[in-house]
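A.B. asks: sequence-free structure coming up:
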Ligand SMILES: [Zn+2]
């Protein structure tokens, strides 16, 4: 594998129409769990193949088995369950999870699908988890005496799953905390919880954080104990790079170079320019190149069009800078 | 003392009750029903939501904003000079809104809420108030591609909402309410907000309310009173908020958000009664509204209703104590 500017993606891909249909058929009792699992694995194989074909270095399994990043775990963690419908926006609703009892781990819950995905390719596949702060923040919490107690209890559960993925052989484990950047007072709590999750873990740990105004909380945020911060850059004009350069940054960065919220495909030149801005103050070994966020809301065709641009941009930068 | 709500209400119930509105939208998307048929379902759901609030014991209702895609675009999308863009996360909630983009002079073209308000009023067993998103919050959550400054965007929106409020005033509502959560995140803007609100309220004579939530209001309360609001709503579940009001100029009327609508935990009746008593001691019970701290839409429908029932129990307990 190349030594710098490794390419990857954030985690989720959209579900192909046949899987979306199978999932609603299963929910309505029209097809069995076995039939759904077969199609889930088929979609996983297809998304692995697509990533290989696109030339990505570090792959994801695409989260074909997950409804969303909190609900999947809420369905499995003892002490947690799926609650009533809450509106996300417009006509979109989701079952907001509830923490109604003591949180425990009786997993693993993600190792089977990770093993399956990893068995399909020689390239490393990331283990994908949701961080303790986001798990609690995006649920109704009805059991613990304080938010802090709930988040720390959740951290102990997520830690068990992290260790299980590591034991299974995962070299990259990503623990996403998209909620961590929106409530300034809680960032230290999110960091403390992540410390419980990652303590002594030897696999490379990554956290993806998005939708926040990072600049005012940068110093706190980078204390979250992981090896790599995966951050959206393209949709904010790479402004955060200025903050990182000014205040210092000694970890790895997952450099988001594709705005996942628009259909518009970036130009190779735009992505090249973004990567070069990061290279001005960071060595290529510490820069991973990926989209801003999960590609769940894009079709595979849209995702592939965008990723092709990204891979081509990386190829050009590597050639120009003679990066292996 | 009147029990009221801040604005929105959950639009679909959980099983076994059918999610009629959600299904109607899905059928509209598939071309199986017409926009007129969807509008009819929206009307019916509005009636349902009005009845649920009244059944829970709410005394001053809203239409639940049943037709609103989110708190920004329903109003902003009907103004001239505004286009609607992609999804943005709404404050620190795990919900989203479509970002309005200001790409020309903001202009009020026609009444936006009058039909909704009149429909709700005519189909409710209790009084209904119209609720709008305020100009400061709309301006903060827009992208400005036209004006040279944030102030100009906000004044443009204030002008447009003033026209809307005047049109609503002709319907003689008990009050007109503006929700301004964004100012709680920008306390440094209180003075600016005051001038925006002056423009907003210019020429309006009836009761006008402003509602602050998602944080302590700070200087926004004094700014709102200077600008001419008669009623100020705050989240009294946040420690210190009521004390801060006591220390400043006294609002003619206070709307106390005594119950937390972001958690499904049911508050203790005594705790709620205590909040009511504290607010009544400050404002006088004749000048007091009691309501949840924010809109109820962050809760599943059944929990929202259960929490409203609980809130009313707290109010009744306080009312009993006051006798
Ligand atoms: Zn993201």
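C.D. replies: Sure, I can see it. What you are looking at is a predicted structure, and each value in this text was computed from that prediction instead of being measured.

A.B. asks: right, is the lengthiest strand in chain B up against chain A?
C.D. replies: Longest strand of chain B, by residue count under DSSP state E: strand B:96-107. Yes - among the residues of strand B:96-107, B:96, B:97, B:98 lie within reach of chain A under CB under 8 Å from any CB of the partner chain. In this view, the C-beta of every residue, glycine as well, is placed from N, C-alpha and C.

A.B. asks: Let me know the average pLDDT across the helix or strand where residue B:278 lies.
C.D. replies: Per DSSP states H and E: residue B:278 is located in helix B:269-283. For helix B:269-283, mean pLDDT is 97.

A.B. asks: Can you mark which positions in the worst-scoring helix or strand of chain A on mean pLDDT are buried?
C.D. replies: Lowest by mean pLDDT, DSSP states H and E among the helices and strands of chain A is helix A:218-221, with a mean of 90. Using 16 or more other CB atoms under 10 Å in any protein chain shown as the test for burial, helix A:218-221 gives A:218, A:220, A:221.

A.B. asks: Give the single residue among those positioned nearest to residue A:94.
C.D. replies: Using CB to CB, residue A:221 comes nearest to residue A:94 of the buried residues of helix A:218-221, at 26.3 Å.

A.B. asks: I'd say the closest one and residue A:180 touch.
C.D. replies: Yes - shown here, residue A:221 and residue A:180 form a contact pair, counting by CB atoms under 8 Å, at 7.3 Å.

A.B. asks: how far does the least confident helix or strand of chain A sit from the chain's center?
C.D. replies: Its chain's average C-alpha position is 20 Å from that of helix A:218-221, according to CA atoms, centre = their mean, to the nearest Å.

A.B. asks: Pairing partners for whichever helix or strand comes after it, with directions?
C.D. replies: Scanning forward in sequence from helix A:218-221 by DSSP H and E, the next helix or strand is strand A:228-232. With DSSP bridges as the test, strand A:228-232 is paired with strand A:204-209 (parallel), strand A:252-256 (parallel).

A.B. asks: Between the ones you listed, which one is closest to residue B:72.
C.D. replies: Smallest distance to residue B:72 across these (CB to CB): 24.3 Å, for strand A:204-209.

A.B. asks: Give me the contact list for that closest one.
C.D. replies: For strand A:204-209, the surrounding residues in contact (CB atoms under 8 Å, 6 or more residues apart in numbering or on different chains) are A:10-11, A:126, A:131, A:162, A:171-178, A:180-181, A:194, A:197-198, A:221, A:224-231, A:252, A:254, A:293.

A.B. asks: anything in it near the ion?
C.D. replies: No - Strand A:204-209 lies out of reach of the ion by CB under 5 Å from the ion, never closer than 5.6 Å.

A.B. asks: Give me the mean pLDDT for that strand.
C.D. replies: Here strand A:204-209 scores 96 as its mean pLDDT.

A.B. asks: Could you pull out the helices in the chain for me?
C.D. replies: All of this refers to chain A. Under the criterion DSSP state H, helices of chain A are mapped to A:17-27, A:33-54, A:71-76, A:111-119, A:132-137, A:147-168, A:187-198, A:218-221, A:239-247, A:268-279, A:300-321.

A.B. asks: oops, I was thinking of chain B
C.D. replies: B:20-29, B:35-56, B:73-76, B:114-122, B:135-140, B:150-169, B:190-201, B:220-227, B:241-247, B:269-283, B:301-322.

A.B. asks: Contacts only, for the nearest residue to residue B:288 once chain neighbours are set aside.
C.D. replies: Residue nearest to residue B:288 in three dimensions, not counting chain neighbours: residue B:1, with 4.7 Å by CB to CB, 6 or more residues apart in numbering or on different chains. With contact set as CB under 8 Å, 6+ apart, residue B:1 has these partners: B:276, B:280, B:285, B:286, B:288, B:289, B:290, B:315, B:319.

A.B. asks: Output the residues you listed in a markdown table, with neighbour count and distance to residue A:43 appended to each entry.
C.D. replies: Shown next, in a markdown table, are the contacts of residue B:1 (neighbours: other CB atoms under 10 Å in any protein chain shown; distance: CB to CB, whole Å):
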| residue | neighbour count | distance to residue A:43 |
| --- | --- | --- |
| B:276 | 27 | 54 |
| B:280 | 22 | 59 |
| B:285 | 16 | 61 |
| B:286 | 9 | 63 |
| B:288 | 20 | 57 |
| B:289 | 26 | 52 |
| B:290 | 29 | 51 |
| B:315 | 26 | 52 |
| B:319 | 17 | 58 |
